[in-house]
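A.B. asks: Attaching a predicted model along with its sequence, questions to come.
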Amino acid sequence: MIELPDIFRNGNDEYPTLKDGADISPSQWVEFISQAALLAESDLPKTYREFTKFDLDSCSDTVRGVYLAGQGRCIIRQGDFLSGAKLLGQAYELVPESSGDARAFILLEMVSFLGMIGSFEVSRLLLQQVPHLTRSEYLIRLSEYYTLVQHIRTGNLDVMDQLTTSLNYYKKVNLHSVAAYHHKIIGNLFRRMGKYENAHQEYEKAIDLAQRHRFNHIAIAVRHDLGMLKFYQGDNKAGIDTMMKCIDSAENCYTRAFIFANLGFIHLNKKDGDTALQWFEKAMDEVTSHGIFHMLPGTCYYLGHIHEWRGQLRLAKFYLEKASKAAHELLKQNFPYNGDRERAVMGYIRFLEKHPGVSGDPLEDLDISFAIDKSLKEIRGIFQFGVLSHMVEKYGSARKSAQMMDMSERTFHAVQKRVRDYADEPVPDEIIQLFMDRQEFTWSDLNQRFESVLLKYLLKAYGSKLAASEKLQVSYPHLVAMTRKQDH
């Protein structure tokens, strides 16, 4: 029996199930079924009907395992890597040893996942097991395709002929989703070779094939690559425009987070740190809202890098430390030490070497200029409306948002009603994002910390407590009492 990598192990005996209301896109599910159809040597419509009507409790362990593997794949594509990986592990262990084809099929799902996180050595070991489990031409071919993808990702670009042969096979068997991915991979290969026109043609073929067969998520992924191609060609505007068009069509939070992050990267490359910051903050929001934790080290790293570039060293340290800690947590979960994870760890170390004396609350680095010339009542209303709106968008409901901030739902709605007049005066995303990143803050904590930072900022801006009291429209004794309370 094959020893599965730890990342696919549950660590408990609970049987995994798909969470109620989980957002699995139809095109992703049909993509999996189209591959399962070849496994079952059946046609796609019949396989789809079988998948949609059978009862998991009454089917065989083999069928149940394949079905769970499909759920695992979709969960991974949504960004929940650990849950999806553990579901794949359960699916594999559920299938009896006599069902070699099904086990090989699930192993290949694991290989695909390991390729996504950059764990090439482990995936290579699993690929070597496939020929011992099955004689299915389809599965052997799929194994060879994943091997070619690995070669490209590890720097071996001399695989064009083999990719073309593989593509022709999948066209022959009408597996359109895998054929579209072939065109995508060939396009990426041409891009890395500097043959941009050839890359563009392959991307267009992939998009056309995906759209004709309603694999929207594949088409969006390729359009993202097309946008990055235009960026590599030096046309930043065309690259940004192409990727912007992907956002509204993206079916899941993982795709949106990836697009946001790369838009941030393009703007950072343009030396437009302010716009880059906005996009990385959007990526951060998707990552933290939906638990896409494998993207957390890279997103925090770039946020820290931008704040360091802007001279906001306490903010930079906050995000770089968060990036390093997130990377180490992933290392404990057997994610490889490479890419953004390595960049996050080394980035924090370099920051500490370069700025050894940085300390203090990162919130004090915030630019709160939106509060200038406003009353304290207005500032509180604007901040509270921004926080509540952000929380509802992040957690999907007032009830969940209230729970996260340790307040009653009744209080949540009362505050929301009181501050709704400030909807047209948004708080800068940077401020809301940082407060949301400090998840230890309750509603009371949020307001106290904000007012503490606000008063320090405004006293410095106005020059005296007397001037500040006039601008804030509060009595001088009241302001003195507030500042004294903050000092303690």
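C.D. replies: All right, it came through fine.
A.B. asks: Can you list the neighbours in contact with the helix or strand hosting Met284?
C.D. replies: Element membership for Met284, per DSSP states H and E: helix 273-290. Contact partners of helix 273-290, identified using CB atoms under 8 Å, 6 or more residues apart in numbering, comprise 78-80, 253-254, 256-258, 260-261, 263-265, 267-268, 270, 292-293, 295-296, 299-300, 302-303, 306-307, 309-310, 390, 393-395, 429-430, 433, 436-437. In short, each C-beta sits where N, CA and C put it, glycine included.
A.B. asks: Try it again at 7 Å.
C.D. replies: Applying CB atoms under 7 Å, 6 or more residues apart in numbering, the contact partners of helix 273-290 are 79, 253, 256-257, 260-261, 263-264, 267-268, 292, 295-296, 299, 302-303, 306, 309-310, 394, 429-430, 433, 437.
A.B. asks: Quick check: buried residues in it?
C.D. replies: Neighbour-count burial for helix 273-290 flags 273, 276-290 (criterion: 16 or more other CB atoms under 10 Å).
A.B. asks: which of the contacts of helix 273-290 are buried?
C.D. replies: 79, 253, 256-257, 260-261, 263-264, 267-268, 292, 295-296, 299, 302-303, 306, 394, 429-430, 433, 437.
A.B. asks: thought Gln162 was touching Leu148?
C.D. replies: Yes - with contact defined as CB atoms under 7 Å, Gln162 reaches Leu148; the gap is 5.5 Å.
A.B. asks: Give me the neighbour count for Ser444.
C.D. replies: Using other CB atoms under 10 Å, Ser444 is surrounded by 11 other residues.
A.B. asks: ok, now Gly298?
C.D. replies: 22.
A.B. asks: Report the spatially nearest residue to it, omitting neighbours in sequence.
C.D. replies: In space, and not counting its chain neighbours, Gly298 is closest to Asp340: 3.1 Å by CB to CB, 6 or more residues apart in numbering.
A.B. asks: Gln416 now?
C.D. replies: Nearest residue to Gln416, sequence neighbours excluded (CB to CB, 6+ apart): Leu388, at 5.3 Å.
A.B. asks: Look up how far Val415 lies from the one you found.
C.D. replies: Distance, Leu388 to Val415, by CB to CB, to the nearest Å: 7 Å.
A.B. asks: quick check, distance from the helix or strand where Gln35 lies to the centre of its chain.
C.D. replies: In this structure, Gln35 sits in helix 26-39 according to DSSP H and E. Centre-to-centre, helix 26-39 and its host chain are 23 Å apart (CA atoms, centre = their mean, to the nearest Å).
A.B. asks: Pull out the buried positions in it.
C.D. replies: Going by 16+ other CB under 10 Å, helix 26-39 has these buried residues: 27-39.
A.B. asks: now, which of these sits nearest Gly239?
C.D. replies: Ser27 (24.8 Å; CB to CB).
A.B. asks: so what's the closest one up against?
C.D. replies: So, once contact is read as CB under 7 Å, 6+ apart, Ser27 ends up touching Arg214, Phe215, Asn216, His217.
A.B. asks: Not counting its neighbours along the chain, what's nearest the second one?
C.D. replies: On the basis of CB to CB, 6+ apart, the spatially nearest residue to Phe215 that is not a chain neighbour turns out to be Ser27, at 4.9 Å.
A.B. asks: Kindly state the pLDDT recorded for the one you found?
C.D. replies: Looking at Ser27, its pLDDT is 74.
A.B. asks: Same question for the one 4 residues further on.
C.D. replies: We note a pLDDT of 80 for Glu31 in this prediction.
A.B. asks: Equivalent analysis for the one 4 residues further on, please.
C.D. replies: Per-residue confidence (pLDDT) for Gln35: 81.
A.B. asks: thinking again about what came up before, can I get the buried part of the contacts of Ser27 as one ChimeraX selection?
C.D. replies: Filtering the contacts of Ser27 down to the buried ones (16+ other CB under 10 Å) takes a single ChimeraX command:
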select :215,216,217
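A.B. asks: Pull out the buried residues from whatever helix or strand Asn168 lives in.
C.D. replies: Per DSSP H and E, Asn168 falls inside helix 160-172. For helix 160-172, burial by neighbour count (16+ other CB under 10 Å) applies to Leu163, Ser166, Leu167, Tyr169, Tyr170.
A.B. asks: if I look at the last one, how far off is Tyr145?
C.D. replies: I take that to be Tyr170. 8 Å.
A.B. asks: cool, Val30 as well?
C.D. replies: With CB to CB as the criterion, Val30 and Tyr145 are 20 Å apart.
A.B. asks: Same check on Ile432?
C.D. replies: Distance from Ile432 to Tyr145, by CB to CB: 44 Å.
A.B. asks: and if you look at Arg103?
C.D. replies: 18 Å.
A.B. asks: Looking at these two now, which is surrounded by more residues?
C.D. replies: Taking other CB under 10 Å, Arg103 and Tyr145 do not tie; Arg103 has more neighbours (26 against 21).
A.B. asks: okay but the more buried one is in contact with Val95, surely?
C.D. replies: Yes - if you go by CB under 7 Å, Arg103 and Val95 touch, sitting 5.3 Å apart.
A.B. asks: now, which of the buried residues of helix 26-39 sits nearest His328?
C.D. replies: Closest approach to His328 among these (CB to CB): Gln28, at 31.1 Å.
A.B. asks: Touching, the closest one and Phe215? I think so.
C.D. replies: No - judged on CB under 7 Å, Gln28 makes no contact with Phe215 at a distance of 8.2 Å.
A.B. asks: Within the helices and strands, which one has Leu268?
C.D. replies: Assessed by DSSP H and E, Leu268 sits inside helix 253-269.
A.B. asks: what's that helix packed up against?
C.D. replies: When contacts are defined as 3 or more CB pairs under 7 Å, 6 or more residues apart in numbering; DSSP states H and E, helix 253-269 packs onto helix 216-232, helix 236-247, helix 273-290, helix 296-309.
A.B. asks: I'd like those helices as JSON lines, with distance to Leu125 and mean pLDDT appended.
C.D. replies: JSON lines is the format used below for the helices and strands packed on helix 253-269 (distance: least, CB to CB, whole Å; pLDDT from 0 to 100):
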{"stretch": "helix 216-232", "distance to Leu125": "27", "mean pLDDT": "92"}
{"stretch": "helix 236-247", "distance to Leu125": "35", "mean pLDDT": "90"}
{"stretch": "helix 273-290", "distance to Leu125": "30", "mean pLDDT": "88"}
{"stretch": "helix 296-309", "distance to Leu125": "25", "mean pLDDT": "95"}
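A.B. asks: Right, I'll leave it there.
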